[in-house]
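Student: What follows is a protein structure lacking sequence information:
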C-alpha cells in the first residue's frame, strides 16, 4: 500500500530543477531576479505582435486589446542538431515543443548532479514525463491559413477581379507557414511531452495535461501518482506556455481580466487586473527514500497535494473561496501538519480584484485569524506576469528555491495589502 493509500503524507523529493523565463534562461538567473525584486513586465516586443496594429485603450473596441505590456522570453538559441530536429521542419514545429526539450534535459541532468555516467545508467524503463500546457500557437496560425475562401469571397464581394483577388489571397497566405508532413505533430500540445520522451529516451508515461491556470500543478499531481503507485522511479514534470500572441491578449482583454493601468499588483489594494507572461519550468521527482539512497540533492520535499472543483457556481470562470479552501484542507490533511506551522504561502495571486479576494478569503478560512501575522504571502506574477499553463510551476519553483536557500522572497508592488 502506498503512503497516499494509507492516508499518510507524501514523501516525494524534488531532485532536479530547470527554467526558461522572462529575464533569465536558467534557475540561477530566475532566483536572482526573484530575490532582487526585478520587474520583468515591459512593452510587447515586435516579435510577438505590433502594438500599432492591435492596441486601443478602449476595452470595448472590437478586435483590439487595451493592454500593451507583459513579460516575454528573451531570444533563445535552439540547437536543432543536438535535439534531432531537421531544420526543414522547424517552421512546422511550435515554439513550445522546441523550447521544452532543452529545459527538460537540464532538469534531468540536474537530477543526476550533472554526472554523465549516472545519466547514461538511468533506468529509462522507469522514467516518464508529464507536462502542463494548453493549445499551441501554431494551431491557430494554421487555422488562419485555412481562411482563404473567406478572403476570396470578401474580395469578390468588393468587386475585385478574380485574377487580382487570387493574387491577393496568395500574398496573405504567404504570411503563414505552409503545410507539410511535420505540421500536424508540430501543432499538438501532447507532442510537447512526446518530443521529450522521444529525445531523452524515456519509456514511462508521457502526456500533456490541460487544466487552465492549474495545468502544471495538475501535471504534478499525476506525476506524483506515478511515483506513489510504483509505476515509475523518476518523473519529469513541468509547465510550458509560450502562447502570448494577440489572440491570447484579446481573450484576456474581453473577459476582461487584464490591468487597464498596465501592471500586475497581486494582493495589493491597487490591484486592477493581471498581465500576461510566458515561460517553461521543469522538475525531476523521485520518491524521497530513493533520492536519499542514491545520494541525490534534494531541493524540497512534497508532503501533501490537494485539489478540488467548485461544482455548481455562478460562472464557469469565477473563483469560489469554498473550492479553494477545500483544496487547501485536503493538502494539509495529507501532509499531516497544520496551516499554523506554515511560514510561506506562494499564492496564485493574479492581481484581479475578484481572484485575489477569493484567494485571501479561502486562506483566511483555512489558516484562521491571529493576533499578529506569522506567514508570508506572495505571488511571482508581480514580477513575471501570469504565465497561464506554466503559472503553477513558476510559483512552485519560487517556493522550492525559497526552501532550498532558506529565504523568504519578496513580492513587489504591494505598499498596502
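Tutor: That came through, no problem. Treat the numbers as computed from the prediction; the structure is a model and nothing was measured.
Student: Helices of the stretch 101-250 of the chain, residue ranges please.
Tutor: According to DSSP state H, counting those that start in this stretch, the stretch 101-250 of the chain carries its helices in the segments 116-120, 137-145, 148-157, 162-173, 183-186, 190-200, 215-228, 246-254.
Student: for those, which one sits closest to residue 328?
Tutor: helix 215-228 (12.9 Å; CB to CB). For every residue, glycine as well, the C-beta is placed using N, CA and C.
Student: re the thing from before, got CSV for the helices of the stretch 101-250 of the chain, with mean pLDDT too?
Tutor: As requested, the helices of the stretch 101-250 of the chain are exported to CSV (pLDDT from 0 to 100):
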stretch, mean pLDDT
helix 116-120, 94
helix 137-145, 97
helix 148-157, 98
helix 162-173, 98
helix 183-186, 98
helix 190-200, 98
helix 215-228, 98
helix 246-254, 97
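Student: Among those helices, which comes closest to residue 367?
Tutor: helix 215-228 (19.5 Å).
Student: which stretches of this structure have low pLDDT?
Tutor: Scanning the chain with the threshold set as pLDDT under 70 gives 1-8.
Student: what would the helices of the stretch 101-250 of the chain look like in a markdown table with distance to residue 414 and mean neighbour count?
Tutor: As requested, those are exported to a markdown table (distance: least, CB to CB, whole Å; neighbours: other CB atoms under 10 Å):
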| stretch | distance to residue 414 | mean neighbour count |
| --- | --- | --- |
| helix 116-120 | 42 | 11 |
| helix 137-145 | 32 | 17 |
| helix 148-157 | 47 | 13 |
| helix 162-173 | 46 | 13 |
| helix 183-186 | 41 | 18 |
| helix 190-200 | 34 | 22 |
| helix 215-228 | 24 | 23 |
| helix 246-254 | 22 | 19 |
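Student: Among those helices, single out whichever gets nearest to residue 43.
Tutor: helix 246-254 (12.4 Å).
Student: Can you name the element that comes right after the host helix or strand of residue 333?
Tutor: Using DSSP states H and E, residue 333 falls within helix 321-335. Per DSSP H and E, the first helix or strand lying C-terminal to helix 321-335 is strand 344-346.
Student: Mind listing residues that contact that next one?
Tutor: With contact meaning CB atoms under 8 Å, 6 or more residues apart in numbering, strand 344-346 is reached by 363, 375-380, 395-396, 398-399, 402, 408.
Student: quick revisit: turn the helices of the stretch 101-250 of the chain into CSV, including distance to residue 94.
Tutor: Shown next, in CSV, are the helices of the stretch 101-250 of the chain (distance: least, CB to CB, whole Å):
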stretch, distance to residue 94
helix 116-120, 27
helix 137-145, 4
helix 148-157, 22
helix 162-173, 19
helix 183-186, 6
helix 190-200, 8
helix 215-228, 16
helix 246-254, 14
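Student: closest to residue 286 out of those?
Tutor: Taking the helices of the stretch 101-250 of the chain one by one with CB to CB, helix 215-228 is closest: 7.0 Å.
Student: Burial check on the closest residue to residue 410 other than its chain neighbours, number of neighbours?
Tutor: Spatial nearest neighbour of residue 410, excluding adjacent residues (CB to CB, 6 or more residues apart in numbering): residue 37 at 5.0 Å. Neighbour count for residue 37, taken as other CB atoms under 10 Å: 13.
Student: State the distance from the most far-flung residue of the chain relative to its centre to residue 167.
Tutor: Within the chain, the residue lying farthest from the chain centre (CA atoms, centre = their mean) is residue 161, at 47.6 Å. According to CB to CB, to the nearest Å, residue 161 and residue 167 sit 10 Å apart.
Student: ok, now residue 310?
Tutor: When distance is defined by CB to CB, residue 310 is 53 Å away from residue 167.
Student: try residue 191
Tutor: The value you get for residue 191 to residue 167, if CB to CB is used, is 35 Å.
Student: ok, now residue 115?
Tutor: 60 Å.
Student: Next: residue 189.
Tutor: Note on residue 189: its distance to residue 167, by CB to CB, is 36 Å.
Student: can you tell me which residues contact residue 221?
Tutor: Counting by CB under 8 Å, 6+ apart, residue 221 has contacts 305, 307.
Student: just use 669 as the starting number from now, easier for me
Tutor: Okay, residue one is now 669; in that scheme the one you just asked about reads as residue 889.
Student: End to end on stretch 713-733, go ahead and measure it.
Tutor: 15 Å (CA to CA, to the nearest Å).
Student: ok so, going back, give me the subset of the contacts of strand 1012-1014 that lies in helices.
Tutor: Secondary structure from DSSP state H places 1031, 1063, 1064, 1066, 1067, 1070 of those in helices.
Student: Tell me the one of those nearest residue 724?
Tutor: Nearest member of the ones in helices among the contacts of strand 1012-1014 to residue 724, counting by CB to CB, is residue 1063, at 31.9 Å.
Student: what's near enough to touch that closest one?
Tutor: Counted by CB under 8 Å, 6+ apart, residue 1063 has contacts 1014, 1015, 1016, 1047, 1048.
Student: TSV for the residues you listed, including distance to residue 904?
Tutor: Output for the contacts of residue 1063, formatted as TSV (distance: CB to CB, whole Å):
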residue	distance to residue 904
1014	21
1015	26
1016	24
1047	25
1048	21
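Student: Filter the residues you listed down to the buried ones.
Tutor: Buried by 16 or more other CB atoms under 10 Å: 1014, 1015, 1016, 1047, 1048, out of the contacts of residue 1063.
Student: Quick check: neighbours of the helix or strand hosting residue 954 in the sheet, parallel or antiparallel?
Tutor: Assigned by DSSP H and E, residue 954 belongs to strand 947-955. Here strand 947-955 is paired, per DSSP bridges, with strand 680-688 (antiparallel), strand 902-909 (antiparallel).
Student: Okay, and the beta partners of the closest residue to residue 694 other than its chain neighbours?
Tutor: Of all residues not flanking residue 694 in the chain, residue 687 sits nearest, at 6.7 Å (CB to CB, 6+ apart). Taking DSSP bridges as the rule, residue 687 bridges to residue 949.
Student: Could you do residue 970 as well?
Tutor: The partner residues for residue 970, given DSSP bridges, come to residue 680.
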